[in-house]
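sharing a sequence plus its predicted fold:
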Amino acid sequence: MQKILNFREYAIRIIIVVLSFIYLPILFGSISGDSTLVSYIIAALCFFLLLILAVGLVLRDGKYVRFYAISYIIQLVLGVVHYLYFVDAGYFDGNGGATSSFWHEFITTFTSIEMIHDNWRQLGLLSMVPSDEFYVTHREIWHIIAYPFYFLGHKWLNYAPLNAFSSLFASANLVFLFRNRIDSEKIKYLRNWTAFFPLFLFNDWMWRDAFGLMLMSVGIVLVYLAKNPIAKSIAFVWFGFGAFIQRTMYFVLVGGAIGYGYIKKQRNGVLKILSILVSLVILFVLLQFTQETNDEDYNSGYINSMSFITLPIKIVFGLIGPFPWVQFFKLVEHNPAFAWQLGDYILGTFQFGYLLAIIFNYRNISFKNLDVCTIFGFGIMLSGFVTSQMHIGYIAEGLYFTLPWFFNSVGSIYKRFFNISLFVLVILNVVVLTMGGLSISSLWK
């Protein structure tokens, strides 16, 4: 059993990864050209080197480095094939821009990064586009994501290597954290499913979720390793910042998860009560802060009474995601942005199998003494279920952080429930197709 890094050792390695994130794009960007294909290859090599460095520093094991290196190559191939087949077969013959047939949100995201780059050319790399002039939400994380491509080239598929790096390094962080807590067979399941988590299977688009999840995974590791007040403060700042710039409400969940972890450790009754009171005050402050940060439309539209009344139904349909699957080719023909919904079908199968495994193995599964990672994950899942704008991606980001607990509880028998899930959903597709469709989401909107 390999000795786990302490807080200082892990933090130093993360600093090296951060510095590499800053300087490697400058180095590789100096040899990049105007060719869309060459630009993509240079970006892929840049983040491949960054991944090898990051995994090697954190996991310190050649077999993991090889696994994640091969996984990176597989993911990039999947992304390129997916994009060329479903979206733009002539991408590498063009200038690398967003295809004009995308819907507004995709094009707006692409042009927003152009705005960031233009602003940097005029005012320097430390400047930020004012919030009232920025086209999309969460401008802070987009400024970080935009940085490497200021040097590597702002082309659509250049962002795929960053997405692959982010999802794989997040996986490596969970493996690092739990490989001494979970037996070798279960850690393989955790490694494989987090490395090829269906939410991130198709990396050929511009979004913030993979990068944000990676930042939060680092924050969770820091929280686990922190032993003194200074280390705990640093861990909270990183974890809280990563969660906040991913989705504002996640900041509250960070406070709740850390507060729960601290309360659980208290053995003295008075200290436990005091810890609960302090945690409630902190949660109230964080909630007020996020409400002031969000606009009124976001706060009022996030949750309504039907969100809770229909919660049991929403849990099932939220885990399954877009349905029925038979609509896929019609949707893609209408707009190529629906090409990524194919990943949601795989994700829905995985998550429905997750639910079945918990239901039919409830006697072997304990919800007592849950750790910070799992509590945070369930918190994100709950926030994804209760929102009136429920989306499978919101739920999956939380489910991801519950996977160490899940595979430690279920193990290899999950294969059977995945197969059952696939069978049931295929049959339901046939039934729904026969009925002429199904519309239930209006209940909670």
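Happy to help now that I have it. Worth saying up front: this structure is predicted, and the values here are computed from it rather than measured.

show me where pLDDT drops low in the stretch 151-300 of the chain?
265-272, 274-276, 278-279, 283-284, 286-300 (pLDDT under 70).

how does it look with 50?
Low-confidence segments of the stretch 151-300 of the chain (pLDDT under 50): 296, 299.

how about the helices in it?
159-178, 184-195, 209-225, 229-246, 250-265, 269-293, 296-302 (DSSP state H, counting those that start in this stretch).

adding mean neighbour count and distance to G343, write those helices out as a markdown table.
The way it works is simple: take the backbone N, C-alpha and C, and place the C-beta from them, glycine included. A markdown table is the format used below for the helices of the stretch 151-300 of the chain (neighbours: other Cβ atoms under 10 Å; distance: least, Cβ to Cβ, whole Å):
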| stretch | mean neighbour count | distance to G343 |
| --- | --- | --- |
| helix 159-178 | 26 | 12 |
| helix 184-195 | 18 | 14 |
| helix 209-225 | 24 | 12 |
| helix 229-246 | 18 | 19 |
| helix 250-265 | 20 | 22 |
| helix 269-293 | 13 | 29 |
| helix 296-302 | 12 | 25 |
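
name the helices or strands packed onto the helix or strand containing T374?
Using DSSP states H and E, T374 sits within helix 372-386. Applying 3 or more Cβ pairs under 8 Å, 6 or more residues apart in numbering; DSSP states H and E, we find helix 372-386 packed against helix 209-225, helix 250-265, helix 305-309, helix 311-320, helix 392-410.

make TSV from those and add distance to G29 to it.
Formatted as TSV, these follow (distance: least, Cβ to Cβ, whole Å):
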stretch	distance to G29
helix 209-225	19
helix 250-265	32
helix 305-309	46
helix 311-320	41
helix 392-410	30
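
so which of those helices is nearest Q75?
Nearest to Q75 among those is helix 209-225; the distance by Cβ to Cβ comes to 10.4 Å.

that closest one versus helix 159-178: what angle between them?
20 degrees (axes from the mean of the first three to the mean of the last three Cα atoms, to 10 degrees).

measure how helix 209-225 sits relative to helix 229-246, angle-wise.
160 degrees.

next one: helix 209-225 to chain centre, how far?
Distance of helix 209-225 from the chain centroid (Cα atoms, centre = their mean, to the nearest Å) equals 10 Å.

what is the neighbour count of the closest residue to P161 other than its chain neighbours?
Closest residue to P161 apart from its sequence neighbours, by Cβ to Cβ, 6 or more residues apart in numbering: F47 at 3.9 Å. Neighbour count of F47, defined by other Cβ atoms under 10 Å: 29.

so where does F47 fall, helix or strand?
helix 36-59.

quick one: buried residues of that helix?
36, 39-48, 50-59 (16 or more other Cβ atoms under 10 Å).

same question for the helix holding T374, mean pLDDT?
With pLDDT averaged residue by residue, helix 372-386 scores 91.

where does the prediction get shaky in the stretch 301-445 of the chain?
For the stretch 301-445 of the chain (pLDDT under 50), the answer is 443-445.
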